[in-house]
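Engineer: Everything below, folded, please.
(chains A and B)
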Amino acid sequence: MVEAVIVLRNVWKSYREGDSIVTVLKNVSALFYRGEIAGIHGPSGSGKTTLLRIIAGLERPDRGEVIVDGYNLNMLDDLGLAMIRNTVVSYIPQDYGLVENLTVRENVELPLLIAGVPKEEREAKVREALEYMGLLTKANSYPTRLSGGERQRVAIARALVTTPSVLLADEPTANLDWENAIKVAEMFKMIRRDFGTTVLIVTHDPRILEYVDRSMNLMDGVLKDKLTSLAGHTHNYSRLTRRENKL
Amino acid sequence: MLALKQMLRGHGLKVCLVAALMLAILIKVAGDKVPDPVLVGVVLPASASSLIIDFRAHYSMLRALYMVGATPRQVRTYVLVPSTTLSAIYGAPYVTIGVVWATLVFILSLISSATVMMLALRITRKGFSTSIAMYTQ
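Structural biologist: Numbering: from 1, shown residues only, chains lettered A, B, ... in the order given. This next block holds a predicted model:
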């Protein structure tokens, strides 16, 4: 049986733009399974990034339920959401979100530093992540000295260093040429194979969708792939409760 | 540590040290000719600009901290360390004209610099959450 690692139920999200209210997500429901690479596509302003940020715990939905790897994000406070971002979900923004004043090594080390991982363990994990992404020779470089493809790999290394269950990538190929875009898409496949990570890619590039297991269309805040039933999926709610109590 | 690293690699700390040195010289040479409130007043823009010069760096660090799951306490620490350090440096030259003045400068400088850091934090948070819920809370 396939385990649902992300559960979205009737998620609504609105923003205020001047005097008007824009509803970005309208009753979005979906399931994403462990180890799958899913793609969400749609035009600009359709709510793709907002959906990703909600799953990452960076924003809260106005209504609806979001469960990620057994954690009900609605029931978590700011500290709980921070823990989720540090250990369960990794988010890669479109501009990679790297700190320019920190070297590649320090950027990748950041999530471990936050988590309070001891120095020796931290160094070993960073080295492993950099080696995995082929960036060991660039460890002491600053992000401004790297190409777009290399920066993307640094962002992926930083996202992977905590071995999260879910990897969220916002337009990962938007700033790359086609050759580098293919490399990044292949990298996501490699990550899924080696770590069993669920990868969720938001893109408006239809060519990238050839590399995903399942694609969904988000148009005007409505996701086409609707949640039909939770039956048949081993979503373990007793584990959910236990984890929430722990938080 | 991260905040100190950012400060050492940025320009703000250097600007602060030079400005504090100039203030120390000013106090020593012309301290009796310039009214104390004026001497204190110049600290407000000086401390704010010492952080504004590294605003982009602080903003990108705060954003990264949010993304990688820094706790609210860790974020608060990151906001306070540069403000406190710069305020202490700006307050130091005023010890020569009195501890009360030095304390006042430290507090004013802290308010000024913390406001800049809070602005960076607010922009970071707003970037991630601009929902109606935020406006109606």
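
Engineer: In stretch B:28-41, which residues are buried?
Structural biologist: By neighbour count on 16 or more other Cβ atoms under 10 Å in any protein chain shown, the buried set for stretch B:28-41 is B:31, B:39-40. Where C-beta positions appear, they are placed from N, C-alpha and C, glycine not excepted.

Engineer: Repeat that for stretch A:129-145.
Structural biologist: A:129-130, A:132-133, A:135, A:138-139, A:142-143.

Engineer: A strand includes A:A129, no?
Structural biologist: No - with DSSP: H, G, I helix; E, B strand; the rest coil as the criterion, A:A129 is located in helix rather than a strand.

Engineer: Please identify which residue in chain A comes closest to chain B.
Structural biologist: Nearest residue of chain A to chain B (Cβ to the nearest Cβ) works out as A:N86 at 2.7 Å.

Engineer: Count the residues that sit near the closest residue to that residue other than its chain neighbours.
Structural biologist: Leaving aside its sequence neighbours, A:N86 sits nearest to B:G69 (Cβ to Cβ, 6 or more residues apart in numbering or on different chains; 2.7 Å). Using other Cβ atoms under 10 Å in any protein chain shown, the number of residues around B:G69 comes to 27.

Engineer: State the distance from B:R125 to A:L76.
Structural biologist: Distance, B:R125 to A:L76, by Cβ to Cβ, to the nearest Å: 17 Å.

Engineer: Same drill for those two, tell me which one is more crowded.
Structural biologist: A:L76 (20 against 16).

Engineer: in chain B, which helix has the most residues?
Structural biologist: helix B:99-128 (DSSP state H).

Engineer: and that helix, what other elements does it pack with?
Structural biologist: Taking 3 or more Cβ pairs under 8 Å, 6 or more residues apart in numbering or on different chains; DSSP states H and E as contact, the helices and strands that helix B:99-128 lies on are helix B:36-41, helix B:43-52, helix B:55-67, helix B:72-91.

Engineer: mean pLDDT for these: which is lowest?
Structural biologist: Mean pLDDT is lowest for helix B:36-41 among the helices and strands packed on helix B:99-128, at a mean of 78.

Engineer: Tell me where chain A has helices.
Structural biologist: Under DSSP H, chain A gives helices at A:48-56, A:78-87, A:104-115, A:119-132, A:148-160, A:178-195, A:237-246.

Engineer: how much space is there between the residue of chain B found nearest chain A and A:S90?
Structural biologist: Residue of chain B nearest chain A, by Cβ to the nearest Cβ: B:G69 (2.7 Å). Counting by Cβ to Cβ, the gap from B:G69 to A:S90 is 9 Å.

Engineer: Also A:V161?
Structural biologist: 9 Å.

Engineer: Quick check: neighbours shared by those two?
Structural biologist: Residues touching both A:V161 and A:S90 by Cβ atoms under 8 Å, 6 or more residues apart in numbering or on different chains: A:P111.

Engineer: ok so, going back, need the max-distance pair from the buried residues of stretch A:129-145.
Structural biologist: A:Y132 and A:Y142 (20.8 Å; Cβ to Cβ).

Engineer: Leaving out chain neighbours, which residue sits closest to B:V40?
Structural biologist: Per Cβ to Cβ, 6+ apart, closest to B:V40 is B:V105, 5.6 Å.
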